[in-house]
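>>> Need a 3D model of the following:
(chains A, B, C and D)
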Amino acid sequence: MREEPGPVADGRDLGAPGRDGRGPAGERERSGEDGRGVPAACTPDEVMTVNAARALAGARTCFVGIGLPSTAANLARRTCRPDLVLIYESGALGAKPTRLPLSIGDGELAETADAVVSVPEMFNYWLQAGRIDVGFLGAAQLDRFANINTTVVNRGPDRPEGRLPGAGGAPEIAASCGEVLIVLRHSTRNFVDRLDFVTSVGHGAGRGDRERLGLRGRGPVAVITDLGILRPDPESAELLLTDLHAGVTVEQVRAATGWPLKTADQVSVTAPPTPAELAALRALRAA
Amino acid sequence: MREEPGPVADGRDLGAPGRDGRGPAGERERSGEDGRGVPAACTPDEVMTVNAARALAGARTCFVGIGLPSTAANLARRTCRPDLVLIYESGALGAKPTRLPLSIGDGELAETADAVVSVPEMFNYWLQAGRIDVGFLGAAQLDRFANINTTVVNRGPDRPEGRLPGAGGAPEIAASCGEVLIVLRHSTRNFVDRLDFVTSVGHGAGRGDRERLGLRGRGPVAVITDLGILRPDPESAELLLTDLHAGVTVEQVRAATGWPLKTADQVSVTAPPTPAELAALRALRAA
Amino acid sequence: MADIRTLPEAVAELIHDGDAVAMEGFTHLIPFAAAHEVIRQGITDLTLIRMTPDVIYDQLIGAGLARKLVFSWGGNPGVGSLHRFRDAVENGWPRPLELDEHSHAGMANRYAAGASGLPFAVLRGYRGTDIPRRTDTLATVTCPFTGEELAAVAALNPDVTVIHAQQADREGNVQLWGLTGVQKEAALAARRALVTVEEIVDELRPRPGAIVLPGWAITAVAEVPGGAHPSYAAGYSVRDNDFYQAWDPISRDRERFTAWLRENITREGTQV
Amino acid sequence: MADIRTLPEAVAELIHDGDAVAMEGFTHLIPFAAAHEVIRQGITDLTLIRMTPDVIYDQLIGAGLARKLVFSWGGNPGVGSLHRFRDAVENGWPRPLELDEHSHAGMANRYAAGASGLPFAVLRGYRGTDIPRRTDTLATVTCPFTGEELAAVAALNPDVTVIHAQQADREGNVQLWGLTGVQKEAALAARRALVTVEEIVDELRPRPGAIVLPGWAITAVAEVPGGAHPSYAAGYSVRDNDFYQAWDPISRDRERFTAWLRENITREGTQV
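Numbers count the residues shown, from 1 in each chain, chains lettered A, B, ... in the order given. Down below sits the predicted model:
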């Protein structure tokens, strides 16, 4: 549920209020207004989701937030990672939904799960113990060290704080999973120079901070957006642009990022979604 | 399982090794060697067990140790307290066994229970939270404040400690149940002046000690033996002889007690087992 | 052994002005009907406790009955914001709402500590976050064996917990199945527990994945078919996702919300 | 995802000299066959962990394979003493046995802490008892909210946990039902987990009261029908109470025990 964007400084919802951009501020509109060059055959959101699914190719188990992460994880089960074990904080271990769940507690998650456990057990025995390979999160605000804010935003002097949904499972998912993937749409509203609130720790103030804080997992290894992919610098842990989606330029990404974004020595271009990936994603969304 | 008596100083087992005195050192033999006067129609163990069952007349829920406590609690369900909820530390809430379980984990306990829970849940959510009215314990050694030893006995100089089974659930049962009943056979081996080891706290060093220790339940309210019933003095919490079974004298009880036993101002005589109680007890044992 | 009551009786007997109330159910089995009865009876000044406030607390907050919210994730799942919650927090409408805010792991452990009769629980959480700045029910403890510093969260012991379940028998033993969330902990942590059920049956037939709460651990049971709507009860109903989506425009606007409340909850003869 | 192995393979791969081994099962589902295989393979210097050592550890201790026992109640349930345990503790035969002794509540919480990835657990226990004098895995912590002092017990994280279950499927997902004790915690607390099962089935049919351990949380599964005997597997067998009673005279005498071990466990071709 952590993708829930909530309000931002101008009072509008950040990103799409509906799931996966199918709401009123959804992908079609944004694609149009941004004038981003994407293959006519697929939307930026589809490119993002397909790349997010691909990032799970090596994972055995994934703790899944609802929304974009859930779409990507379910797509991975239909493409690169059929055996991927989906874990939802509502208590479902090994859920195999046939349709995308709207909520994290949809009945099909329990019905198709290998096991259903209580919420305290989920967080204590399964998440906290470090048993989950990948935590898949969304974010309302993200900084250059992949720290996440989903709590409140500063709307400027004389205005009350804007309220976001809050932490949910994210702080401990970010702390305890073997590694973390983050998926969110790229804009200066989301990719900020300074978080208004640290809800979940990515790499803190830089390399070594996770160890200092005693966080057990490796932290964020990739941020997948509708423009490309950012990965932490091996030295500093600051996010570098490592991949662009086809047709996107480095300048476009920099313009959508609220800090002076560094790029990797070599910036790759992601392979376009294959027809099979696109078909699987569209079938999943239509189900 | 806390009635398990284990070895004593002379290396012989204390009390009966079989359940409820039906083993080789059982009630018949002891009744004979002690020459105790009991109604010919019933044994001292039967009188003890019937009185132990009667002590549950006001209880709603009972955390049951295996052996004598289990026999008494099951008898209560067949006589004075049909609705008594039996709780076994193996995880059974509301067990309704048709036969006396030999072990605390007999299959029938789970099959007949209202709910089966894990052992950690049993101790944390059900026992520790103070949800159980009565804890029913046995003991290897008991002192005048109804503190219990089931861990080790001192066998004198140059001899190794005698090993008893250990704590089991008893320390927290004694601490957390609303009140505690203790049932054991009366002898100077069991009723000792000084415990060799405090496994479970009754009234500590006297009235006020439970509060000082932060123990939430009221502690032992009765010790039911094959000779009579002891109850804590309202002032000092030292056990007083309050009831004799029919045909037993105060002198007999004092002779079987390892400290100078005080008596209540009025010592009552327990009503003999009724034919219905005896029939229920014998049917239970024969099942 | 639990009392069998009508919903209005049970709510009147168990929930009082100023109580700390937990209505739990992780998306599944949310006790909406009981919340609506609280609104009808105008029970107010409540401290509302819930991991995911969801639409159920958006309604109670919008109705002006809450003075404080203890929670970990306040959104409309899969839809967007909880607008009544935001309006109360950001603008104090219809009254200010004090917050005590945790993570899910923290809330789950707070209930577990409450159910265990412990004053606090220990977890590996919150490290490096700003959450500790916003709550006084979070602290640290040091492991006496390793020296490691860990998070400590204060136990939750609601005055009353309300949950919805599929079935109870006539002694008030309750069975729920499917996603059972944190309901056992929430019910056992509370001083009083009210369970609304889809139906009261002669005998509970054990179900895979079910948990059973004995009647003697519960204060009252009320039969309320459909009492989780627009949430759901596995085996009885499905989640009304359309309602959750329709709630977004209803709740965005104070007047529209107020009209909805009057038309659907508080008007004579309404029973949602 | 768990490896499917024969019992001798699994024991050889997972259990090594010097390991801390938990074989759990509260009276029900005790993994006797795995213990017998440990005896046959002569795996030694073990730290044995179990709430109720039961006859299974009486056999391992008598066979001289244990250097330490971590436990909370060491009797033959419903029968009397564990004579091999007593002989080792009191007389050092066949070798001295170091003890780490707790209450059931403490042991259950030690496993739960281990399964939770925490270094310790908090409980309200041991107060006023002499138990703290005999263990260095027990300490106190102070509640940061109330100032109350509570017991802290060190987490248990066995090198390997062995449990017995009714069924596994071909991916190694395991289902057990009936009294499930502390097995989930013990298995999840361990670095490696071996599950012996009554049978491997094509598909696990969900059962009331069952717990399921996913194959990816388990290291290996071995099909061992009757592998809990003289303990039992609900739905497959009943507890062999006669064996538990017969064990008393067998185990009282060192020679008789040794002969029993040779005749029933270690002699070529034996499989108990």
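>>> What residues does the stretch 101-250 of chain C have near chain D?
C:116-124, C:137, C:139-146, C:148, C:150, C:152, C:154, C:206-210 (CB under 8 Å from any CB of the partner chain). C-betas here are computed from N, CA, C, even on glycine.
>>> so which of those are also by chain A?
Intersecting those with the surroundings of chain A, defined as CB under 8 Å from any CB, gives C:L123, C:R124, C:E148, C:G209.
>>> List buried residues within those.
Among those, those classed as buried by 16 or more other CB atoms under 10 Å in any protein chain shown are C:L123, C:R124, C:G209.
>>> Now do the contacts for C:A190.
In this structure, C:A190 makes contact with C:A22, C:G114, C:N157, C:P158, C:D159, C:V160, C:T161, judged by CB atoms under 8 Å, 6 or more residues apart in numbering or on different chains.
>>> what do you get for C:I4?
Neighbouring residues of C:I4 by CB under 8 Å, 6+ apart: C:A168, C:R170, C:G172, C:I200, C:A220, C:V221, C:A222, C:E223.
>>> what kind of secondary structure is the third one in?
When the structure is reduced to helix, strand and coil (DSSP: H, G, I helix; E, B strand; the rest coil), C:G172 reads as coil.
>>> my guess is it meets C:A165, correct?
No. If you go by CB atoms under 8 Å, C:G172 and C:A165 don't touch, sitting 10.9 Å apart.
>>> Those two: which has the busier surroundings?
Neighbour tally, C:G172 and C:A165, criterion other CB atoms under 10 Å in any protein chain shown: the higher count belongs to C:A165, 29 against 23.
>>> So for the chain, the centremost residue is which one?
Just going to use chain A. A:V183 (2.3 Å; CA atoms, centre = their mean).
>>> Please verify my assumption that it contacts A:A73.
No. Shown here, A:V183 and A:A73 do not form a contact pair, counting by CB under 8 Å, at 9.9 Å.
>>> shared neighbours of the two, which are they?
When CB under 8 Å, 6+ apart defines a contact, the residues bordering A:V183 and A:A73 alike are A:F136.
>>> Now narrow the buried ones among the ones next to chain A among the residues of the stretch 101-250 of chain C next to chain D to whatever sits close to chain B.
The subset of these within reach of chain B, by CB under 8 Å from any CB, is empty.
>>> how about a markdown table for those, with distance to B:Q252 and pLDDT added?
Compiled in a markdown table, those are given as follows (distance: CB to CB, whole Å; pLDDT from 0 to 100):
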| residue | distance to B:Q252 | pLDDT |
| --- | --- | --- |
| C:L123 | 57 | 98 |
| C:R124 | 60 | 96 |
| C:G209 | 57 | 94 |
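>>> Save those residues as JSON lines, and put in distance to B:A175 too.
Formatted as JSON lines, those follow (distance: CB to CB, whole Å):
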{"residue": "C:L123", "distance to B:A175": "25"}
{"residue": "C:R124", "distance to B:A175": "28"}
{"residue": "C:G209", "distance to B:A175": "33"}
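>>> mind listing which of those are in strands?
Cross-referencing these against strands under DSSP state E gives C:L123.
>>> from the buried ones among the ones next to chain A among the residues of the stretch 101-250 of chain C next to chain D, which single one is nearest B:S200?
Lowest distance from B:S200 to these (CB to CB) belongs to C:L123, with 30.3 Å.
>>> Return the set of residues that bridge with the closest one.
On the basis of DSSP bridges, C:L123 is bridged to C:A151.
>>> In contact with it: list those residues for me.
Neighbouring residues of C:L123 by CB under 8 Å, 6+ apart: A:F123, A:N124, A:Q128, A:E172, C:A105, C:G106, C:N109, C:L150, C:A151, C:V153, D:S116, D:L118.
>>> what are the pairing partners of the longest strand seen in chain A, and which direction each?
Of all the segments assigned as strand in chain A under DSSP E, the longest by residue count is strand A:262-269. Under the criterion DSSP bridges, strand A:262-269 sits next to strand A:239-244 (parallel) in its sheet.
>>> Alpha carbons only: can I get the partner strand in CSV?
Presented in CSV, the C-alpha positions along strand A:239-244 are these (Å, rounded to 0.1, in the frame of the first residue of the first chain):
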residue,chain,number,x,y,z
LEU,A,239,21.7,7.1,-6.7
LEU,A,240,23.1,7.2,-10.2
LEU,A,241,21.2,7.1,-13.5
THR,A,242,22.3,3.8,-14.9
ASP,A,243,19.6,3.0,-17.5
LEU,A,244,17.3,5.0,-19.7
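>>> And the contacts of it?
Contact with strand A:239-244 is made by A:51, A:144-146, A:223, A:227-233, A:250, A:253, A:261-264, A:267-270, as judged by CB under 8 Å, 6+ apart.
>>> Select only the buried ones of the residues you listed in ChimeraX?
Selection command for ChimeraX covering only the buried members of those, criterion 16+ other CB under 10 Å:
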select /A:51,144,145,146,223,227,228,229,230,231,232,233,253,261,270
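>>> and the nearest residue to C:V182 once chain neighbours are set aside, how far is that from A:G166?
Counting by CB to CB, 6 or more residues apart in numbering or on different chains, the nearest residue to C:V182 once its immediate chain neighbours are dropped is A:V119, at 4.4 Å. If you measure A:V119 against A:G166 using CB to CB, to the nearest Å, the figure is 16 Å.
>>> Check A:G202 too.
From A:G202 over to A:G166 (counting by CB to CB), the distance is 18 Å.
>>> ok, now C:V38?
From C:V38 to A:G166 the distance is 23 Å (CB to CB).
>>> Equivalent analysis for A:L142, please.
The gap separating A:L142 from A:G166 is 16 Å, by CB to CB.
>>> Ok, A:V85 next?
27 Å.
>>> swap in C:I43?
Distance check for C:I43 against A:G166: by CB to CB, it reads 25 Å.
>>> Return the residues in contact with the closest residue to chain B within the stretch 151-272 of chain C.
Across the stretch 151-272 of chain C, the shortest distance to chain B (CB to the nearest CB) belongs to C:V212, at 3.9 Å. The contact partners of C:V212, taken as CB under 8 Å, 6+ apart, are B:D114, B:A115, C:N173, C:V174, C:Q175, C:L204, C:P206.
>>> how about a cut-off of 6 Å?
In this structure, C:V212 makes contact with B:A115, C:Q175, judged by CB atoms under 6 Å, 6 or more residues apart in numbering or on different chains.
>>> Where does it sit: helix, strand or coil?
C:V212, by the three-state scheme (three-state DSSP), is strand.
>>> one step back: who has more neighbours out of A:V85 and A:G166?
A:G166 (30 against 26).
>>> What are the phi and psi values at the more buried one?
Summarising the backbone geometry of A:G166 under the convention degrees, to the nearest 10, its torsions are phi 120, psi -160.
>>> Could you list the low-pLDDT ranges of the chain?
Went with chain A since none was named. Per-residue confidence of chain A (counting by pLDDT under 70) places the weak regions at A:1-40.
>>> um, chain C though
Scanning chain C for pLDDT under 70 picks out the ranges C:269-272.
>>> repeat that for 90
Chain C contains residues with pLDDT under 90 at C:1, C:78, C:267-272.
>>> contacting residues for residue 250?
I'll assume chain A. Applying CB under 6 Å, 6+ apart, we find A:V250 in contact with A:T263.
>>> my bad, the chain I had in mind was chain C
Applying CB under 6 Å, 6+ apart, we find C:I250 in contact with C:R256, C:F257, C:W260.
>>> Check the gap between the residue nearest to the last one when sequence neighbours are not counted and chain D for me.
The shortest distance from C:W260 to any residue that is not its chain neighbour, by CB to CB, 6+ apart, is 5.0 Å, and that residue is C:I250. C:I250 sits at a distance of 39 Å from chain D (criterion: CB to the nearest CB, to the nearest Å).
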